[in-house]
Each structure stands twice: as structure tokens, then as C-alpha cells.
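Peer 1: Next comes the sequence, and after it the predicted model I'd like to discuss.
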Amino acid sequence: MTYAPRGKPAPVCAPGECVFAAVALDHGHIYGQTNGLREAGGTLRWVYDPDPEKAAAFQRAYPEAQVARSLDEVLADPDVRLVASAAVPSERAPLGLRVMAAGKDYFTDKSPFTTLAQLAEVRRAVAATGRKYLVYYSERLHNEAAVFAGDLIARGAIGRVIHVLGLGPHRLNAPSRPAWFFDKARYGGILTDIGSHQCEQFLYYTGATGGRVTAARVANHHHPEHPGLEDFGEAMVVGDNGASFYFRVDWFTPDGLRTWGDGRTLIQGTDGYLELRKYVDIATDRMGDQVYLVDRHGERRFDVAGQVGFPFFGRLLLDVLHRTETAMTQDHAFAAAEISMTAQAVAEQAVSM
């Protein structure tokens, strides 16, 4: 909930050229979204949340933000080009529809939807309005190991990618979670929610534009006091280019780990493979942003913390200004969510012993 990386300022536009607002502060990812946009040169003007305490806390972190009296006040400002949000997942699509109808681009936390019906409605709205529905898939966009791996793959370091294995464990810390977190209708299920990160990475690293879910499974193995929670999920996918994918997501990070989750990605190519230890390199004194490469030349480790940056945010602002698609295409953002929601829809409900 509080993952909010900071990078080095790398502005791509002048102050005031790309004004944005932050609204609906239900998930702490809004701070990561805001950090990335500000570092890329975005100008934060407004913050709004129905809970004045959330808005006040945000303003303390970013004093330049004016606290709006309503969402309408934000949407009425002609200078605002982009609205960033981390609403309750089930409310992200309805909010995005309002933002786009007001002539603004929308930048939502993942998962951007909780149902396939929402995806269909938003697709129609994007086509009708010409606005952007951008998605913060932070586990790739805001992680330097993940960014560096993409650069290696683009340079042909491991040949053609034929398989991705994604592991996304998280720490539950149940007492700190809001009520909606345990309501499946509101968070969408574990494959829809944190699984969307994994699906986005699969598409990006393989170059697939879609995929077919071949197996999926969810469970509540260890939290009967929260019957709406799915604490484990897994799925297998075959991409439209023949690459394959397995991912596992869960809420079982043990207390002994020094960060919230040992997120890893293993990427198999025709000429080598990569392993990303994204947030921690266990049993060493290293934290995350470690990339391991094995190819015909040998074995190498790259510590890329502070070396790569987060180019997505600058590209996003330029896309907003110039109406281009260099940060992430709309089709890609939607395809990742569609795969994760399809996996959720067909998932077998495991019975825990």
C-alpha cells in the first residue's frame, strides 16, 4: 500500500506545460504515480478525496497541491490535462469515464478494471472521446531491474523470448488494510488485482499482443476470518505469438523478509535467460534491482539501482502533450487487464485442506 519509489528528476517539459491532479486516494500507489509524474516535469495543481484527512496527508507530502472542494472543481480546470487516481478498484473505471468525458486523460492505478464489462465500456469511451486511459503497472514501470531487463531483451541479449515465469508474493498486514480490500466484488479477485502486473510484464517481454488462458486457480488457504479474500492465485497463458507464461501471486510474504515481497521474474530466451530479483536479493546485503543474465558468454549480475531511472513517466507526459503512444499503447494496457480478468473468470476455486 505504501510502495512509492523516487527517482532522479528528469523533466521532459517546462513547469506548467503539463498540469495534473491527483484524486481518489484509496491506495498508496497514488504517491508513486505522483512521484513519477513530478520527476518527469508534470505540474501538480490539485488533490481531491472525499476524506479530508487523506487529502490533507497528500498535501503535506506535496505542498503545491491545492485541496479541491469536489471532483467537479478539478474537472472544470481547463489547464488540467491529466488526472491520476488510485481509487477502490471497482470504482476506477467509472471515475475514468467521468474524467475522459470532461476532456482529460486518465492515469489509474492497476488493476484498471474489475470486470470485463467495465473494460468494454471504457474501450468504447476511449474511441468516442479520443482520451487516454493510462495504467500504472508499477511492478515493471517503477522498478529499475524490470526496465533494464526490457532494454536487454530489446538489444537481443537472450534471443527471442519464449517463456516468462512471474512470481508476485505480497505481505498481507491485514490490520492495516481497508474494508474494501477483503471484498472480492470491490477488489476484483487476486488474479485481476495483483495478477494484472504479471500479465502486463508477460506481454511486454514477449512482444505478444494477447493471450489465451489455459489454466487458472485461486484459493483462500489460510485466512478464514476474511472469507472474501483470495490469498493465493496462479495461472498459465499462451501468447498469440506462441510464447508461454506461468504466474503465481499470493499474500504469504513471511515476517522475516525485510521488504514487502520477494518479487521475481524469470525470462527464458532462445539464447539465454534473465532472472530479476526486483525488491530484495535474499540472504545477501543487497536489496532489489538485481538482474542476472546467463548466455553463451557466461554468468553476470547487474546491480542497476539508481542507474536506469523510470523513463515511462516522461514518455507518458509527452504522449499527453503530443497525442502519441510511446509510453504504452492503449491496446497493451487493455490486453494485460483482459488476460488477468479472463483468468479470474475461469479460475478453479481450490478447497484448502
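Peer 2: That came through fine. Numbers count the residues shown, from 1 in each chain.

Peer 1: Contacts only, for S138.
Peer 2: Y3, P5, H29, G32, D109, K110, H197 (CB atoms under 8 Å, 6 or more residues apart in numbering). Glycine gets a C-beta too; all of them are placed from N, C-alpha and C.

Peer 1: In contact with the second one, which residues?
Peer 2: To tie it back to what came earlier, the one meant is P5. G32, N35, G36, S138, H142, N143, F310.

Peer 1: Switch the residues you listed over to TSV; also include distance to G263.
Peer 2: Below are the contacts of P5 laid out as TSV (distance: CB to CB, whole Å):
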residue	distance to G263
G32	15
N35	19
G36	18
S138	11
H142	12
N143	8
F310	16
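
Peer 1: Mark which of those residues are buried, thanks.
Peer 2: G32, N35, G36, S138, H142, N143, F310 (16 or more other CB atoms under 10 Å).

Peer 1: I'd like to know how far the fourth one sits from H226.
Peer 2: Between S138 and H226 the computed distance is 24 Å (CB to CB, to the nearest Å).

Peer 1: ditto for the second one
Peer 2: Computed as CB to CB, the N35 to H226 distance reads 31 Å.

Peer 1: thinking again about what came up before, now for the contacts of P5: which two are most distant?
Peer 2: The two members of the contacts of P5 with the most space between them (CB to CB) are N35 and N143, at 13.4 Å.

Peer 1: okay, the spatially most central residue of the chain: pLDDT?
Peer 2: The centre of the chain sits closest to Y137, judged by CA atoms, centre = their mean, with a distance of 1.8 Å. If you check Y137, the pLDDT there is 98.

Peer 1: show me the contacts for it.
Peer 2: Neighbours of Y137 in contact, by CB under 8 Å, 6+ apart: K110, S196, H197, E200, Q201, A333, A336.

Peer 1: in the stretch 251-353 of the chain, which spans are helices?
Peer 2: Assigned by DSSP state H, counting those that start in this stretch, the stretch 251-353 of the chain shows helices spanning 311-322, 330-346.

Peer 1: tell me the residue furthest from the middle of this protein?
Peer 2: Outermost in the chain, CA atoms, centre = their mean: H297 at 33.5 Å.

Peer 1: Got the phi and psi for it?
Peer 2: Main-chain dihedrals, H297, degrees, to the nearest 10: phi -90, psi -10.

Peer 1: Could you check how far it is from L152?
Peer 2: 13 Å.

Peer 1: same check, this time on L316
Peer 2: L316 is 22 Å from L152, by CB to CB.

Peer 1: Helices along the stretch 101-250 of the chain, start to end?
Peer 2: 116-129, 138-141, 144-154, 184-187, 195-206.

Peer 1: got the buried residues for the first one?
Peer 2: Neighbour-count burial for helix 116-129, with 16+ other CB under 10 Å as criterion, is recorded at Q118, L119, E121, V122, A125, V126, T129.
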